[in-house]
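Asks: sequence unknown, structure follows:
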């Protein structure tokens, strides 16, 4: 097999793998790209200082990791490495789609990573502050159950 054919096969296999990952679990990405959650560093949400200030770090294009067919950006190589070692520990619930929209039956609504909260030990993202406030003031456990049902139905349809 010549080098060109080998390279084309590798590219094709990578695209098939990315498509399969996307088909199983969607990720909230930018409308015209594959950058997850507005390019925010999903590992930084878990830092005590960020949780206290509620100011998440922006990721940089030089620290990127591919996961579930999306490009996740990080503020440092250390953050990228932590995510690579255990993406499930750092990816937000519902892969960054609005938890409130899922819980109210609105389906997959993209977020940009700016409106967020931890409930229990899980990170949830929201399209806008009113959704976050609903969860803060209401029964977030029941909202999470409704969102999870909607999420599972979406995944099963893919």
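Replies: Nice, I can see it. The model shown is predicted, which means the values in this text are computed figures rather than measured ones.
Asks: shaky segments in this structure?
Replies: The chain contains residues with pLDDT under 70 at 1-23.
Asks: mind listing the helices for it?
Replies: 3-24, 48-53, 77-85, 87-90, 99-103, 129-137, 140-157 (DSSP state H).
Asks: what distance do you get for residue 87 to residue 42?
Replies: 9 Å (C-beta to C-beta, to the nearest Å). Placement of C-beta: from N, CA and C, glycine included.
Asks: need the winner for burial among the helices of the chain.
Replies: Each of those was scored by mean neighbour count; the highest is helix 99-103, a mean of 27, by mean count of other C-beta atoms under 10 Å.
Asks: and that one, what does it pack onto?
Replies: strand 122-126, helix 129-137, helix 140-157 (3 or more C-beta pairs under 8 Å, 6 or more residues apart in numbering; DSSP states H and E).
Asks: in a markdown table, list these along with distance to residue 70.
Replies: Output for the helices and strands packed on helix 99-103, formatted as a markdown table (distance: least, C-beta to C-beta, whole Å):
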| stretch | distance to residue 70 |
| --- | --- |
| strand 122-126 | 14 |
| helix 129-137 | 22 |
| helix 140-157 | 15 |
